[in-house]
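>>> coordinates only, sequence not included:
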């Protein structure tokens with residue numbers, strides 16, 4: 001009888017421990033998924049405060065964040081407008097072609113950085129193609145080179 005009593009106590013402890021483990025597991029899951037508990041408007045507001053690099057990094061955090069960021073085209077529009085200051089023609093052409101803001105940004109971001117460097121005169125004193133920093137160059141069309149040449153001639 002003493003044995004049975006001991007078994008009942010052990011099974012009671014096991015049951016309590018199991019409940020405790022389940023409760024801890026649920027607590028951890030809810031802490032990991034806190035973002036999913038937020039209203040969509042709050043989520044959007046948080047992501048809209050991020051710069052491009054942070055937004056891209058946040059999209060790598062988890063599938064939920066990636067889906068939210070990837071599918072919220074309006075998150076990308078303000079960043080495209082910044083790029084448009086340098087690549088107006090390219091952005092406008094992409095808009096007319098029906099690309100999403102995110103795709104437009106992907107298509108034009110690096111180009112805008114390189115074009116800005118050229119237009120600001122960073123490469124005005126380059127003596128040969130070998131002197132150009134190869135890693136940051138980007139292929140550009142004839143119209144873009146025309147804009148750069150005009151800027152150089154005005155200097």
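The structure has been received and is ready for your questions. Note that the structure is predicted; figures quoted are calculated from it, not measured.
>>> Going by C-alpha atoms from here, please, whenever you check contacts or count neighbours.
Will do.
>>> Tell me how far residue 73 lies from residue 120.
According to Cα to Cα, to the nearest Å, residue 73 and residue 120 sit 30 Å apart.
>>> phi, psi of the residue positioned nearest the centre of the chain?
The centroid of the chain falls nearest to residue 56 when counting by Cα atoms, centre = their mean (1.8 Å). Backbone dihedrals for residue 56, given as degrees, to the nearest 10, come out at phi -70, psi -40.
>>> measure it to residue 90 for me?
Distance from residue 56 to residue 90, by Cα to Cα: 22 Å.
>>> now do residue 121
21 Å.
>>> can you pull out the helices in the chain?
Applying DSSP state H to the chain gives helices spanning 2-32, 34-37, 40-48, 52-59, 63-71, 77-84, 88-96, 101-119, 142-154.
>>> Tabulate these in TSV, adding columns for distance to residue 126.
TSV is the format used below for the helices of the chain (distance: least, Cα to Cα, whole Å):
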stretch	distance to residue 126
helix 2-32	52
helix 34-37	49
helix 40-48	39
helix 52-59	30
helix 63-71	39
helix 77-84	25
helix 88-96	26
helix 101-119	11
helix 142-154	12
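>>> lowest-confidence stretch among those?
Averaged per stretch, pLDDT over the helices of the chain is lowest on helix 2-32, reaching a mean of 53.
>>> which ones are touching residue 44?
By Cα atoms under 8 Å, 6 or more residues apart in numbering, the contact set of residue 44 is residue 75.
>>> How about residue 73?
Contact analysis of residue 73 by Cα under 8 Å, 6+ apart lists 100-102.
>>> And those residues, which is closest to residue 36?
Nearest to residue 36 out of the contacts of residue 73 is residue 102 (Cα to Cα; 22.3 Å).
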